[in-house]
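Participant: no sequence on hand, only this structure:
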């Protein structure tokens, strides 16, 4: 997965888009990592000639790779670092990677001592005693509470540690066929349109009416993408140069809305086409809300206040082929007349 870094014009922070942005954090189930040799700064456009320069990112090659063998149907997890959890009070009872390592050692020691007895009751009793010790924190106690049977203990010993008790870390291929959404119909390549940078190209033949790609959306306040911050993260008057963040160019929004929606898949690569300005490039896809996604439909009928409260809420957007799309053809949508003007 080669994701494209969205450079921000007013800080040194970056947001990695593409399929890599879908990887969640689980400190005990990390199976992918980001390569240290990327992203690369590779200017695509000449800022003295190309009108699109500055509207697209010049960073690429943020690679996500498998850190271990991954069974088909497993979810990808990456490490944000234990400090990410420790810095958020709302997650003070969630285990860190160190918590899992300590529990795995405790279980191994207990197993060696109590295996001759062969009774789970003894094992459970020791776990209760350990939980009552004053120096055992809430993170470790929360792991102890997941151990409910002899099978759980065996899974910890031979199946990859206490984190392996997480039942929702993988799904059967049958379940994915019924409930999953295909994300590899398109791939990244340089567009042949002037000043367009990279584009999304069809990996295979896509029939009219089929879903090209589905993308969950991350919500931002527009004002946060238009303000300028100093080194202390305080809002200051914008400088003479453009202060709006590059990220804003990849978001969808309504002119009267205060919210900007950022796609979390390769859908961010889909470029614009229309014949309104004399171009001969027609769009071959369109966007719509995911009609069969329950959370999306719920959010569309919710108040803005409720949407803000649900920080993890992700509405889904679908990109639909409006005609047959051939393999290796660039996928294009109409951004709208307001965007062109």
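Facilitator: The structure has been received and is ready for your questions. Please read all numbers here as calculations on a predicted model, not as lab measurements.
Participant: who touches stretch 29-49?
Facilitator: For stretch 29-49, contacts defined as Cβ atoms under 8 Å, 6 or more residues apart in numbering pick out 4-5, 14, 16, 20, 23, 52-54, 56, 58-68, 70, 74-79, 97, 163-164, 166, 169, 190, 195, 197-198. Where C-beta positions appear, they are placed from N, C-alpha and C, glycine not excepted.
Participant: so which of those are in strands?
Facilitator: The strands, defined by DSSP state E, take in 5, 14, 16, 59-60, 62-66, 77-78, 190, 198 from those.
Participant: so who does residue 76 touch?
Facilitator: 22-24, 31-32, 64, 70.
Participant: show me the protein divided up by domain.
Facilitator: Per automatic domain parsing, the structural domains of the chain span 2-75+175-340, 91-169.
Participant: pLDDT averaged over the longest one, what's the number?
Facilitator: Which is domain 2-75+175-340. pLDDT averaged over domain 2-75+175-340 equals 82, rounded to a whole number.
Participant: now the longest strand along the chain: buried residues?
Facilitator: Longest strand in the chain by number of residues, with DSSP E as the criterion: strand 211-221. Going by neighbour count (16 or more other Cβ atoms under 10 Å), the buried part of strand 211-221 is 211-220.
Participant: so which of those is the closest to residue 341?
Facilitator: Top of the list for closeness to residue 341, among these and by Cβ to Cβ, is residue 220 at 23.2 Å.
Participant: show me what the closest one is bridged to.
Facilitator: Partner residues in beta bridges with residue 220, using DSSP bridges, are residue 260.
Participant: what do you get for residue 286?
Facilitator: Applying DSSP bridges to residue 286 yields these beta-bridge partners: residue 320.
Participant: quick one: it from residue 155, how far?
Facilitator: In this structure, residue 286 and residue 155 are 47 Å apart, going by Cβ to Cβ, to the nearest Å.
Participant: the more surrounded of the two?
Facilitator: residue 155 (16 against 13; other Cβ atoms under 10 Å).
Participant: which other helices and strands contact the helix or strand hosting that one?
Facilitator: With elements delineated by DSSP states H and E, residue 155 resides in helix 150-158, which encompasses its position. Contact here means 3 or more Cβ pairs under 8 Å, 6 or more residues apart in numbering; DSSP states H and E; on that basis helix 150-158 packs against helix 97-114, helix 120-132.
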